[in-house]
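**Student:** Would you be able to build a 3D model of this:
(2 chains)
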2 protein chains.
Amino acid sequence: MITVLRLGHRAGRDPRISTHCALVARAFGATSLIYTGEHDIGLEKSVRSIVQNWGGPFVIEHESSWRSLIKDFPGKSVHLTMYGLPIQEKIREIRKSKDILVIIGGQKVPADVYGMSDFNIGVTSQPHSEVAALAVFLHELQLGKELEKTFENRAIGIIPQRSGKRTVKYK
Amino acid sequence: MITVLRLGHRAGRDPRISTHCALVARAFGATSLIYTGEHDIGLEKSVRSIVQNWGGPFVIEHESSWRSLIKDFPGKSVHLTMYGLPIQEKIREIRKSKDILVIIGGQKVPADVYGMSDFNIGVTSQPHSEVAALAVFLHELQLGKELEKTFENRAIGIIPQRSGKRTVKYK
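**Tutor:** The predicted structure follows:
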C-alpha cells in the first residue's frame, strides 16, 4: 500500500501543482493522497471527479496533524527531497517495505520532516518538481509495473492508438 | 541530444507548470526547452536563474512556428499523450534515435500534432501531468543514467545527506 503525503498546500498558489501530485499518485499506483496546509474543496472535487470517471480505488483527504501521521505510520516513510540520498542507491532497500508513506513538500518543508522520515531521498540532486520526483519514485519503487495497472469502477478508459484518440465508455 | 517542446503555454494559468516542465527537462538530461503560446519573460528568467546557479548546458526559448520545428526536426519526434501507445512497448525502438524531440501539450493540443509526430506515447493511459510524463519518459529513455548526470559551470551543488541539507559553492 502506497500513501502520498503532500505538505503545505496553498490553495491560491498551488492548485494545479497539488492536482498534478494527486493525479500522479493515483495513476502511478498509490491509493491515497493526504494533504496538509489549506483545506481546498476545489482540489478535492477535481480529484474525486477524475476517480469517478477513470476509476480507483483512490482517496484524497485533508489532515492537520501530519506529524503524528508520519510518526504512527505502520511502514516506512520516504521524504522526497533534492538534499537526500540518491534514489538509485536506496530503492532496493525501500522496496522491502510493504507499506510506504511518500512525503512531498512544497517550497518550505518544516526542518523536522528530515529527522522524522525513515528515508530522505533525492530523485536527482537538482531543483525540479515534486510532481516529477513523485512519478519517478513511484515508477522505480514498483519496477515499472504500475504502468500496467487497471482501475476499478471506471466509467471511461482509453484504447491506446498510434495516432489520434480513442476512448471507451464502461458505464 | 534531447529537446523538449512545450506547446501552448499560458502565462496567467501555467507559470508554475511550465517552470516545472523546464526544470524537469534540464534535470533529466534534455539540453533545451522550446515553448509556444504566450511569450513569458518571467518564466525564462526563473529558468535561466536556475541554470546560472545549478549549471547547464540548458536553454529555454520561445518559438511561434512550432509546426516547422516538428517537421524539420533531424531526428524522431515523440508526442507524450495519454491516448498514445504504451511507453513500455515502444521505448526500445525510440532509444535507437540519436536526436529526440519530446512534445508535451497543455489542455488543448492541436489535432495535427498527433499526425506530425513520429510517435504518440502514453506514460500510462490515465490523466495525470505533463510534468510527470516528461520525467518518466526521459528516465526510461536514458535507462536511469540521467540520475548520474553532472552539470557544467555550476555555482552551487548538493552533497546528498541521509538527513538535513548540505550545499557546496563552486563559485
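**Student:** Name the SS class of residue A:134, please.
**Tutor:** helix (DSSP: H, G, I helix; E, B strand; the rest coil).
**Student:** Is it in contact with residue B:129, as I believe?
**Tutor:** No - Residue A:134 is not in contact with residue B:129 according to CB atoms under 8 Å; the separation is 9.3 Å. (Glycine included, C-beta is placed from N, CA and C.)
**Student:** Pick out the residue closest to the middle of chain A.
**Tutor:** A centroid search over chain A (CA atoms, centre = their mean) returns residue A:25, at 3.3 Å, as the residue closest to the centre.
**Student:** I'd guess that one is in a helix, am I close?
**Tutor:** Yes - under the criterion used here (three-state DSSP), residue A:25 sits inside a helix.
**Student:** confidence score at it?
**Tutor:** Per-residue pLDDT puts residue A:25 at 98.
**Student:** got a list of what it touches?
**Tutor:** Neighbour list for residue A:25: A:2, A:4, A:32-33, A:58, A:102, A:134, A:138 [criterion: CB atoms under 8 Å, 6 or more residues apart in numbering or on different chains].
**Student:** how about the helices of chain A, start to end?
**Tutor:** Secondary structure of chain A by DSSP state H: the helices cover A:15-27, A:41-54, A:66-71, A:87-95, A:112-116, A:130-141.
**Student:** Not counting its own residues, what contacts the longest one?
**Tutor:** Contact partners of helix A:41-54, identified using CB under 8 Å, 6+ apart, comprise A:9, A:11, A:15, A:18-19, A:22-23, A:26, A:33, A:35, A:58-60, A:62, A:151, A:154-157, B:126-127.
**Student:** Pull out the buried members of those.
**Tutor:** Buried residues within the contacts of helix A:41-54, counting neighbours by 16 or more other CB atoms under 10 Å in any protein chain shown: A:9, A:15, A:18-19, A:22-23, A:26, A:33, A:35, A:58-60, A:151, A:154, A:157, B:126.
**Student:** Mind picking the lowest-pLDDT entry from those residues?
**Tutor:** For pLDDT, the smallest value among these belongs to residue A:15: 82.
**Student:** how near is it to chain B?
**Tutor:** According to CB to the nearest CB, to the nearest Å, residue A:15 and chain B sit 10 Å apart.
**Student:** Then residue A:100?
**Tutor:** 18 Å.
**Student:** List the contacts of the closest residue to that residue other than its chain neighbours.
**Tutor:** When the adjacent residues along the chain are set aside, residue A:100 lies closest to residue A:2, with 5.0 Å between them (CB to CB, 6 or more residues apart in numbering or on different chains). Residue A:2 is in contact with A:25, A:29-31, A:99-100, A:102, A:138, A:141, counting by CB under 8 Å, 6+ apart.
**Student:** Just put those residues in JSON lines and tack on distance to residue B:40.
**Tutor:** Compiled in JSON lines, the contacts of residue A:2 are given as follows (distance: CB to CB, whole Å):
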{"residue": "A:25", "distance to residue B:40": "28"}
{"residue": "A:29", "distance to residue B:40": "34"}
{"residue": "A:30", "distance to residue B:40": "32"}
{"residue": "A:31", "distance to residue B:40": "37"}
{"residue": "A:99", "distance to residue B:40": "42"}
{"residue": "A:100", "distance to residue B:40": "37"}
{"residue": "A:102", "distance to residue B:40": "31"}
{"residue": "A:138", "distance to residue B:40": "30"}
{"residue": "A:141", "distance to residue B:40": "35"}
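**Student:** Quick check on those: which are buried?
**Tutor:** Applying 16+ other CB under 10 Å to these, the neighbour count classes A:25, A:29-30, A:100, A:102, A:138, A:141 as buried.
**Student:** Just the closest of those residues to residue B:108, please.
**Tutor:** The nearest member of the buried ones among the contacts of residue A:2 to residue B:108, counting by CB to CB, is residue A:25 at 24.7 Å.
**Student:** roughly how far apart are the closest one and residue A:84?
**Tutor:** In this structure, residue A:25 and residue A:84 are separated by 19 Å, where distance is defined by CB to CB, to the nearest Å.
**Student:** cool, and residue A:48?
**Tutor:** Distance of residue A:48 to residue A:84, given as CB to CB: 32 Å.
**Student:** In terms of neighbours, single out the busier of these two.
**Tutor:** More neighbours sit around residue A:84 than around the other of residue A:48 and residue A:84, counting by other CB atoms under 10 Å in any protein chain shown; the figures are 26 against 15.
**Student:** The more buried one: what's it in contact with?
**Tutor:** By CB under 8 Å, 6+ apart, the contact list for residue A:84 reads A:119-122, B:160-162.
**Student:** Residue ranges in chain A under the pLDDT threshold?
**Tutor:** In the predicted model of chain A, residues A:107 satisfy pLDDT under 70.
**Student:** if we go to 80?
**Tutor:** Using pLDDT under 80 as the threshold, the predicted model of chain A has low-confidence ranges A:14, A:106-107.
**Student:** Which one of the contacts of residue A:84 sits in the busiest neighbourhood?
**Tutor:** residue A:121 (27 neighbours).
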